[in-house]
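In: Dropping a prediction and its sequence here:
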Amino acid sequence: MKTGIFTHKKCIFGEVAGLLTLLLLVQTTLAVLFTVPVYGAAPSSGGPDPNFHIYLAFGQSNMTGVGQIAQEDLEGDDGYLMMCTCNHVESDYYPESRSLGNWYKATPPLSGYSGAGLSLADYFGRRMLELKRADNPDIRVGIVMVDVPGVHIQLFDKEGYQSYLQVCPVDVDRFGGNPYQRLVGCARLAQGSGVIKGIILHQGENDLNVPGWGDRVDKIYHDLVRDAGLSEGIPFLAGEVRQGTAWSDMNQSIDELVLKGEQYHVVSSNNLTETDETPGDIHFNASECRAFGRRYAEVMYEVEKSRQDPGGEVIAEQPGSGGQSVADILQQEAQTAEPFVPAVGKVTSDDSGQAYYRITALGKSPTVTYQSLSAGGSVKVNIPDKVSIAGKEYKVTAIAQNAFKNNPGLSEVTIGKNVKNIGKNAFSGCKKLKKISIKTTKLTKKSVGKNAFKGIHKKAKVKVPGKKLGLYKTILRSKGLKGKKQKITK
């Protein structure tokens, strides 16, 4: 079917043994546990609270959320809680850090990703709470979310994530190096407090034109049901990507997910796009996130009502699935986590997670080549003078060949002052690329590759350093910037 008010409160999970282990792992927690009121009290001897309905969520940047957070978003409800799936540092929106495995009042940003904003998950939970409390005023709603911007669905595959990271080494350290395992571990932990009722996904922008997306999602679903001890047939909702953009064709693959089984349902993104505010952007803005999150909730609510077995009233756990603790999560992840070791030739993301770089030199003057964009839907890109990787500063001296080739949304680029080389076809086929600012004075005809700027916007404007205007006109014209209406100015 298609269809600032901050309160910092922690919840104690598990039995006494699990708590003692947690206290050993997190030395600073002890004082907080006895001075701050708890959210989502630990399960009593009678078991998890059947009125605490929990949902798992995962995906890429639109699940992370980039919407601007407003005062109305900060006024949450004590009945909607979030479990931290990683340690959150203090932010402008809440005064203290949030810790892995604890429940908190669900106020944005729900994601621990640096720079996260309003997510569709914010209003999914709020609307679910409204709908369910109309039936039962004792209901609470919880969200357990794992999000990694700018990645393919393969990153969430328990067998496929390692090979993916070898090619696209995005930073997943906050999830112990394995986002899937973190989601499984936190799902098991959450079942000590309530009942998991469904799963929501928003992902796909980076999988445009990549075959097998639906098969991969189906595999992840069945792995998750088995490994987290969920009920077979538990509802799974996937949302469409933003319509009216170059990525909209991905919706065909998302819509076809329903053919994989009755558990799958698609949430339409129709009539969400506000083109005057964010034309052609891959990301949902704040008002769209609110509307889309509510839409997810309304679909989930109707799906739950329509099922003969509401799903999750009794969790069919796998043997040995009980008693999960934060210590268990960390121990399981330690088996696969690998520390970052810099090496010439290694491709990795920068500390902001915005792009991938290939290390080209170490020592006293470390350098990198800008390899590719991490968040595939970004419209404006800054290729910086320097970048931080694992806390160390590197000069960005080159742009790789094919780095942005045929990027359907790229509209504006700034090239930093340390860039000496631009690879062939680096920006070729970027039909919306209309504004380029070149800061570097180090380019030569030999250091700019063939067709580096071929096929960009027919009215593109390129700004270059004044003292290089004549030379750069010659270079850029020879590398594809030949249109009569394309301008090169100082």
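Out: Yep, it's here. Note that this is a predicted model, so its numbers are computed, not measured.

In: For burial, what's the neighbour tally of residue 97?
Out: For residue 97, the neighbour count with other CB atoms under 10 Å is 15. The way it works is simple: take the backbone N, C-alpha and C, and place the C-beta from them, glycine included.

In: tell me the secondary structure for residue 304?
Out: Classification of residue 304 using DSSP: H, G, I helix; E, B strand; the rest coil returns helix.

In: what do you get for residue 394?
Out: State at residue 394, reduced to three classes by three-state DSSP: strand.

In: Show the contacting residues for the nearest residue to residue 207 once chain neighbours are set aside.
Out: Leaving aside its sequence neighbours, residue 207 sits nearest to residue 213 (CB to CB, 6 or more residues apart in numbering; 4.8 Å). Going by CB atoms under 8 Å, 6 or more residues apart in numbering, residue 213 touches 153, 204, 207, 250, 253-254.

In: Which stretches in the stretch 1-150 of the chain count as strands?
Out: 52-59, 80-83, 103-105, 140-147 (DSSP state E, counting those that start in this stretch).

In: Can you list the strands that the last one pairs with?
Out: When sheet partners are counted by DSSP bridges, strand 140-147 sits next to strand 52-59 (parallel), strand 80-83 (parallel).

In: Put the alpha carbons of it into CSV.
Out: Extracted in CSV, the C-alpha atoms of strand 140-147 (Å, rounded to 0.1, in the frame of the first residue of the first chain):
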residue,chain,number,x,y,z
ARG,A,140,4.3,5.7,25.5
VAL,A,141,6.3,5.6,22.2
GLY,A,142,10.1,5.1,21.8
ILE,A,143,12.5,5.4,18.9
VAL,A,144,15.8,3.5,18.3
MET,A,145,17.6,5.1,15.4
VAL,A,146,20.8,4.3,13.5
ASP,A,147,21.6,6.7,10.7
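
In: That strand: what's the following helix or strand?
Out: helix 161-167 (DSSP states H and E).

In: Which parts of that following helix count as buried, going by neighbours?
Out: Neighbour-count burial for helix 161-167, counted by 16 or more other CB atoms under 10 Å, picks out 161, 164-165.

In: got the contact list for it?
Out: So helix 161-167 is contacted by 151-152, 154-155, 157, 172, 178-180, 336, 347 (CB under 8 Å, 6+ apart).

In: In contact with residue 140, which residues are there?
Out: Shown in contact with residue 140 (CB under 8 Å, 6+ apart): 40, 49, 51-53, 79-81, 129, 194.

In: Any of those buried? List them.
Out: 40, 49, 52-53, 79-81, 129, 194.

In: Tell me which residues touch the residue lying closest to residue 468 once chain neighbours are set aside, please.
Out: Spatial nearest neighbour of residue 468, excluding adjacent residues (CB to CB, 6+ apart): residue 441 at 5.5 Å. Residue 441 is in contact with 417, 465, 467-468, counting by CB under 8 Å, 6+ apart.

In: Format the residues you listed as TSV; extra columns: distance to residue 94.
Out: Below are those laid out as TSV (distance: CB to CB, whole Å):
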residue	distance to residue 94
417	37
465	44
467	49
468	48
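
In: which of those are buried?
Out: Using 16+ other CB under 10 Å as the burial test, the contacts of residue 441 include residue 468 as buried.

In: biggest separation within the contacts of residue 441, which pair?
Out: Distances among the contacts of residue 441 were taken as CB to CB; the most separated pair is 417 and 467, at 13.1 Å.

In: Which of the strands of the stretch 1-150 of the chain sits closest to residue 115?
Out: Closest among these, using CB to CB: strand 140-147, at 12.1 Å.

In: what is the mean pLDDT for that closest one?
Out: The pLDDT scores in strand 140-147 average 97.

In: Stretch 158-167 now?
Out: pLDDT averaged over stretch 158-167 gives 84.

In: do stretch 177-195 as well
Out: For stretch 177-195, mean pLDDT rounds to 92.

In: Off-centre distance for that stretch?
Out: Centroid separation between stretch 177-195 and its chain, computed with CA atoms, centre = their mean, to the nearest Å, is 17 Å.
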